[in-house]
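Trainee: Sharing a sequence plus its predicted fold:
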Amino acid sequence: MEKASKKLFIFNLCIIFGIFLTRRCNATTYFVGDTSGWDISSDLESWPLGKRFSVGDVLMFQYSSTHSVYEVAKDNFQSCNTADPIRTFTNGNTTVALSKPGDRFFVCGNRLHCFAGMRLQVNVEGNGPSSAPVGAPRAAPAGILQPSSKKNNPATGVASSAALVGGRGLRGSVYYFVYLMAFTFPLILYFINN
């Protein structure tokens, strides 16, 4: 009986570890504008529709030297006021971590571009990464795609929005789990048999 309870304990421990690992690895990196990037030709008003942004997710802005990314307060968002930004980015390849729940507002530093639609509002939900609700659109698999509408882009390409953690994605976290189990399985067997 003691051996059976030991096996059951180890089995349950493995299940709990697997659930913890896969839940922890559900953060998503979103490439703003997908293949068009942060560009005046992108439909940034409809881009966030169907996406669920959670604490721990990351926004990736890729843009040419004619653009910039300003994070602004809600009051400055509709008027495209960049006089008092929260943060300013101009390097062409900007990563913004969504570290707390609430609305976030981004505009192009060129006011005319902002008025033409280069602005983005993102509602960040919850206390941690979570998967999309059942039936919600999933992020596309990652891959490097060359944007067709951008010139002078300092980035090598723009990838589609994809679930990424440490560059691996959810698939990588499953491989990581299998890898850990393959190396810990002999150890588990040793404890079960002794």
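Mentor: Received it, and whenever you're ready, just let me know what you need.
Trainee: I'd like the distance between residue 64 and residue 126.
Mentor: When C-beta to C-beta, to the nearest Å is the yardstick, residue 64 and residue 126 sit 33 Å from each other. Yep, even glycine has a C-beta here, placed from its N, CA and C like the rest.
Trainee: The two: which has the busier surroundings?
Mentor: Taking other C-beta atoms under 10 Å, residue 64 and residue 126 do not tie; residue 64 has more neighbours (18 against 13).
Trainee: so that one sits right up against residue 93, yeah?
Mentor: No - distance between residue 64 and residue 93: 10.8 Å, which falls outside the contact criterion (C-beta atoms under 8 Å).
Trainee: could you show me where the helices are in the chain, in order?
Mentor: Along the chain, counting by DSSP state H, helices occupy 2-24, 74-77, 111-115, 169-193.
Trainee: where does the protein dip in pLDDT?
Mentor: Along the chain, the model assigns pLDDT under 70 to residues 1, 3-26, 127-194.
Trainee: how does it look with 50?
Mentor: 22-24, 129-172 (pLDDT under 50).
Trainee: all strands of it, in order?
Mentor: 29-31, 53-54, 58-62, 69-72, 87-89, 93-97, 102-107, 119-125, 144-145, 158-159 (DSSP state E).
Trainee: and those strands as TSV, adding distance to residue 45 and mean neighbour count?
Mentor: Written out in TSV, the entries for those read as follows (distance: least, C-beta to C-beta, whole Å; neighbours: other C-beta atoms under 10 Å):
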stretch	distance to residue 45	mean neighbour count
strand 29-31	15	24
strand 53-54	15	19
strand 58-62	16	22
strand 69-72	16	23
strand 87-89	20	15
strand 93-97	18	16
strand 102-107	12	19
strand 119-125	8	17
strand 144-145	22	13
strand 158-159	19	23
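Trainee: Relative to residue 41, which of those is closest?
Mentor: Between residue 41 and the strands of the chain, the tightest spacing by C-beta to C-beta is seen for strand 158-159, at 12.3 Å.
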